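**Student:** Sequence first, predicted coordinates after that:
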Amino acid sequence: MRYKVVVTRIQVAERFVRATGEEDAAAKVQAEFDRPYGYFGSWKTTSSEIDVIEAEQTTVIGPTHLSNEGPLLLSIKDAAKALGISYSTVYQMMNQGDVEWVAIGSRKFISREHLMEFIKANTHKGYYVAR
């Protein structure tokens, strides 16, 4: 879910301003506020109010369909995208020996066939206790 939130915050700051009158003092303070990154001293929050005004269902992006068509070898990034998991998780699975991989030069690839075998070997029905 995604929520639209409005935050209202009341802050108080005290500062001495040299001026000829109240209007001049207020004008100097307003000029300070109008300047980007203007400094007005230390602020103290006196109250905060948070209102959730809207909620909307977000779309969950699932893994992309891994078909038998396409290149025979997938980069780690493409394999992660096809499985719907992170790059680091795929890399960790490769280092643990859970997924077979191919080295070409300094790069590592996973064959489409080995990726499908991994999915089939780790697909479970019913109650499953993780190893």
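**Tutor:** Thanks, I have the structure now.

**Student:** what's the neighbour count on the closest residue to residue 57 other than its chain neighbours?
**Tutor:** Across the structure, with Cβ to Cβ, 6 or more residues apart in numbering as the measure, the residue nearest residue 57 apart from its sequence neighbours is residue 1 (6.2 Å). Where you see a C-beta, it was placed from the backbone N, CA and C, and this is true even at glycine. A total of 6 residues lie near residue 1 under the criterion other Cβ atoms under 10 Å.

**Student:** Same check on residue 78?
**Tutor:** Look at residue 78: counted by other Cβ under 10 Å, it has 20 neighbours.

**Student:** Contacts for the host helix or strand of it next, please.
**Tutor:** Using DSSP states H and E, residue 78 maps to helix 76-83. Taking contacts as Cβ atoms under 8 Å, 6 or more residues apart in numbering, the residues outside helix 76-83 that touch it are 63-64, 66, 74, 86-87, 89-91, 94, 99, 108-110, 115, 119.

**Student:** Check stretch 101-120 too.
**Tutor:** Applying Cβ under 8 Å, 6+ apart, the set of residues contacting stretch 101-120 from outside is 66, 68, 70-76, 79, 82-83, 90, 93-94, 98-100.
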